[in-house]
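Asker: I'll drop the sequence and a predicted model, then ask my questions.
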Amino acid sequence: MKRIRRSMWRITSQRLYPRSNNLYVAMTEDDLEVDVSDDDAQNGGVTNNGLKRREEMEVDSDEVTNRVVINRGCYSMSEFHEQHGYHRKPQPGPREYVQSKIKRCRCGVDKIVGLLLYIFPAFDWLRRYNLRTDAVGDLMAGITVGIVNIPQSMAFSLLAVLHPVYGLYTAFFAPLAFFFMGSSRHSSVGTFGVISILCADAVERIVGERYPPTELPSTTEPLTTLPMQSSSFFTTTSMMMNATTPAPCGPICDERLQIHTTLCLMVGLIQMLMAICRLGFVTTYLAQPLVRAFTTGAACHVITSQVPPLFGLVLPRYAGPLSLIYTWRDIFINLPKTNVATFLFGLLTFLILAPGKYLSERYKKQLKIPIPWELFVVIITILISYLVNVGEKYGVDIIGDVPVGFPKPTVPSLPSGVAISDLIGSAIAIAIVGFAVSVSLAKIFASKNDYEIDANQELLGYGAANASSSFFLCFVSASALARVALIDGAGGKSQISMLVSSIIIMFVLLVIGPLFEPLPKSVLAAIIIYALRRIVFQITEIRGLFKTSKVDCSIFVVTFLSVFILGVDLGLGVGVVFALFTVIVRTQLPIYSEQGRLVDTELYRDVQTYRSVKTRPGMVIFKMQTTLYYANAQQFRQRVLRATGINPVTRLAEIRKEEAAKERNKDGTLETSMAMKEIDVAKDDLHSLLIDCSLFGFIDVTGVTTLLALVRDYDRIGIATAFCSCPDSVMQSIKLIGHLDDESDNFYPSIHDAVLALSRKHALKDKTPSQAETVSVDNRDFENSTNEATKL
């Protein structure tokens, strides 16, 4: 056996040391000895700055173990770059950048076709549509969702404080544009409860400023209460195509409709502009706990708004902070005025839906087609209402006149005295929230069904759906969880299912719309409340979030309470700001640790986490588990000073004070104070400070200034400072901002490289010039130098 002792490092499994026939490794804290057999030395010699890696398998007592051996020289970053041919991608100047963009903008037939296929993906996937495998699933899913969408769209229209027919318009027109421009195969664009309540809040805020609260109905008035000439926007014969003309509900309802359609157009244009600017990533700023808390709080507002029609109460609508509390106060005060017949219809709805949904959930594997219990409820209650004539006999609030046909296209316009600026804030919030919730659902079901979606394409599809449908008296649309789940459960494979659903709605509008006139509004209110029960139960997630992440739990609680107390729009803003604030706090107050080497390895871990970690005397390895920037730079410096136990500024002042005292003593025998001696004894052992930069995602000017100030201050008291595991972008930022040359020896590719290099420098620090010349600075000489110089 020939023993080779080198200053190098080797990764291996500790339990294999004594059992290998041709390799024996004995590693201690300050020494690494490697025994290599003659055969290994001949077949696997190590070259200068070379890398030798060997993986061996060994079976012992039916256990397979791996061993990885790495044999290389110790690098600084400049040597590492030189050895491995490092080069940075050249950054183009302004002129080259503009020229490259102009070249990409050249037009051609292929470019135009590609752009059209990108804007309208339907032209691409329709060519590849498989009728044999996909048509049946799409047809059944479309029929199922279409049937369920009839009562749901009417109910959510009431939620937006509009007549139910506008919900049917939205359910028909909105999916048509998304069919051609969307990329999700399982989205179901139409009415959505959270968006309806957001739109209602925005509209009622404006209407409430224009009319006294006593003149505002809690829901839309029946379409037959006021004479024809009072309306100037919607209900004239010339504005309906192939439709019977409904009687108007007065100027208040007309202004609501005008504001809704204009808001829908604004939301669509904002979403399309965001798609053009490639802003589909904005949804990443809405954390999952924030979205869940927001939907939970919004569901509370939705349910609260449906409680008065469930009991047949006519109450004023409140907007803004504490509106929920005021509404419940009025509900309890007016509860004795409940219309018993109205409440019985709502109770009947719950009695049918609860067991029906339970049975459908329990036997969903046996059911090939989901049972549309909502439609059954609507049919049963319509028959009862029609036969008993509950509207006239018992004062039950029913839907009333439902027009047949489609509305004539009309350019959205605002009432006089209402400006675009009054709606722009709400439009931006609704555009982002609607897209965020919809694209989240799309991603979930796309992953489940093994296909990808384009967030920017989805944004363009939703924008086109809202913008185009606004010309047909529709309000803002989005994708709803219940309908998307139905499409997936019924076997839907493509957007064809959404088209089939729209055809079902078209049949209702053209043929059977008047049959829904006797439907009590309390039935729609009960359908909404029952549909949102699971969203409200998301409040129980607080316990799980508290166990897994206190920060996520705080985001959920703050967002939910803000939405519940302040309202949907203000609550969302508070939740977003608080979520971003938690990110800042976590980067400003990160986890700091001192690193040490695990015994018999080159791995370095937190000294407080592993029992086998050994720290090297005279050296501090410091790590911060986040990026370094202006918000945490000062905290970072303070933690470094605490880890080393030395404030270089104070220490330098003490040294200068001591030197000045000695100079004043002529014979140089003046002794320093006892405190000064204690400082010398306690702090002179530290010779190196190593900062692990592996978790620095980026660094700004303040961070670079802080690092270089530490290097300068510690160097003035004889303590060397180095950086290891720096990402290339961080290292280049430090060099550029700090005006360091590429030959700077402050950077090392790993902690172990830095430990070896700094230990060697410290060992050679006190040698005479003749002794130091015998030790070459290149890696080959460093490998062959004696271990006694470095004790590694």
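Answerer: Sure, I can see it. Residues are numbered from 1 along each chain as shown.
Asker: going forward, measure contacts between C-alpha atoms and count neighbours the same way
Answerer: Will do.
Asker: Show me the protein divided up by domain.
Answerer: Following automatic domain parsing, one gets these domains for the chain: 2-73, 135-535, 592-790.
Asker: And the ones you listed, which one averages the lowest pLDDT?
Answerer: Sorting the domains of the chain by mean pLDDT places domain 2-73 lowest, at a mean of 44.
Asker: rewinding a little: any idea which of the domains of the chain is most buried?
Answerer: domain 135-535 (a mean of 21; mean count of other Cα atoms under 10 Å).
Asker: how far does it stretch from start to finish?
Answerer: Distance between the two ends of domain 135-535: 32 Å, counting by Cα to Cα, to the nearest Å.
Asker: Run the chain-centre distance for that domain.
Answerer: How far domain 135-535 lies from its chain's middle: 27 Å, per Cα atoms, centre = their mean, to the nearest Å.
Asker: Residues contacting the strand or helix carrying residue 198, please?
Answerer: With elements taken from DSSP states H and E, the one containing residue 198 is helix 193-210. With Cα atoms under 8 Å, 6 or more residues apart in numbering as the test, helix 193-210 has contacts from 156-157, 159-161, 216, 252, 255-256, 259-260, 263, 295, 298-299, 301-302, 319, 418, 422-423, 426, 430, 434, 476-478, 568-569.
Asker: Report the distance from stretch 706-722 to the chain centre.
Answerer: Remark: stretch 706-722 is offset 39 Å from the chain centroid, using Cα atoms, centre = their mean.
Asker: Which residues outside that stretch are in contact with it?
Answerer: 633-634, 637, 648-649, 651-652, 686-691, 738, 745-748, 754, 758.
Asker: Stretch 303-316 too?
Answerer: Residues from elsewhere that reach stretch 303-316, judged by Cα under 8 Å, 6+ apart: 159, 213-214, 216-218, 324, 327-328, 330-331, 334-335, 337-340, 342-343, 346, 396-397, 521-523, 525-526, 528-529, 532.
Asker: related to what we said a few turns ago, so which of the contacts of helix 193-210 sit within helices?
Answerer: 156-157, 159, 252, 255-256, 259-260, 263, 295, 298-299, 301-302, 422-423, 426, 430, 434, 568-569 (DSSP state H).
Asker: wait, is residue 68 part of a helix?
Answerer: No - the assignment for residue 68, made by DSSP: H, G, I helix; E, B strand; the rest coil, is strand rather than a helix.
Asker: about what we covered before: so which of the contacts of stretch 706-722 are in helices?
Answerer: Under the assignment DSSP H, the contacts of stretch 706-722 contribute 633, 634, 637, 648, 649, 651, 652, 738, 754, 758 to helices.
Asker: Out of those, which is nearest to residue 76?
Answerer: Using Cα to Cα, residue 754 comes nearest to residue 76 of the ones in helices among the contacts of stretch 706-722, at 7.5 Å.
Asker: Quick check: bridge partners of the nearest residue to that closest one once chain neighbours are set aside?
Answerer: Leaving aside its chain neighbours, residue 754 sits nearest to residue 748 (5.6 Å; criterion: Cα to Cα, 6 or more residues apart in numbering). Going by DSSP bridges, residue 748 is paired in beta bridges with residue 724.
Asker: is it true that residue 748 touches residue 75?
Answerer: Yes - with contacts counted by Cα atoms under 8 Å, residue 748 reaches residue 75, the gap being 6.6 Å.
Asker: export the ones in helices among the contacts of stretch 706-722 to TSV and tack on distance to residue 620?
Answerer: TSV is the format used below for those (distance: Cα to Cα, whole Å):
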residue	distance to residue 620
633	19
634	19
637	14
648	14
649	18
651	17
652	19
738	23
754	12
758	11
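Asker: State the distance from the residue most central in space within the chain to residue 579.
Answerer: When Cα atoms, centre = their mean is applied to the chain, the residue found nearest the centroid is residue 284 (3.2 Å). From residue 284 over to residue 579 the distance is 12 Å, taken as Cα to Cα.
Asker: Same question for residue 100.
Answerer: For residue 100 relative to residue 579 (Cα to Cα), the value is 39 Å.
Asker: How is residue 527 assigned, secondary-structure-wise?
Answerer: Following three-state DSSP, the label given to residue 527 is helix.
Asker: Which residues are in contact with it?
Answerer: By Cα under 8 Å, 6+ apart, residue 527 lies in contact with 152, 155, 349, 350, 374.
Asker: Of the residues you listed, which belong to helices?
Answerer: Among the contacts of residue 527, the members found in helices (DSSP H) are 152, 155, 349, 350, 374.
Asker: Which residue ranges of the stretch 601-750 of the chain form strands?
Answerer: Here the stretch 601-750 of the chain has its strands, by DSSP state E, counting those that start in this stretch, at 604-606, 613-614, 619-624, 688-692, 720-724, 747-748.
Asker: out of those, nearest to residue 644?
Answerer: Residue 644 lies closest, by Cα to Cα, to one member of the strands of the stretch 601-750 of the chain: strand 619-624, at 6.5 Å.
Asker: Quick one: list the elements packing against the closest one.
Answerer: Strand 619-624 sits against strand 592-598, helix 633-644, strand 688-692, with contacts defined as 3 or more Cα pairs under 8 Å, 6 or more residues apart in numbering; DSSP states H and E.
Asker: Dump those to JSON lines, plus distance to residue 728.
Answerer: Shown next, in JSON lines, are these (distance: least, Cα to Cα, whole Å):
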{"stretch": "strand 592-598", "distance to residue 728": "22"}
{"stretch": "helix 633-644", "distance to residue 728": "20"}
{"stretch": "strand 688-692", "distance to residue 728": "14"}
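Asker: I am finished for the moment; much appreciated.
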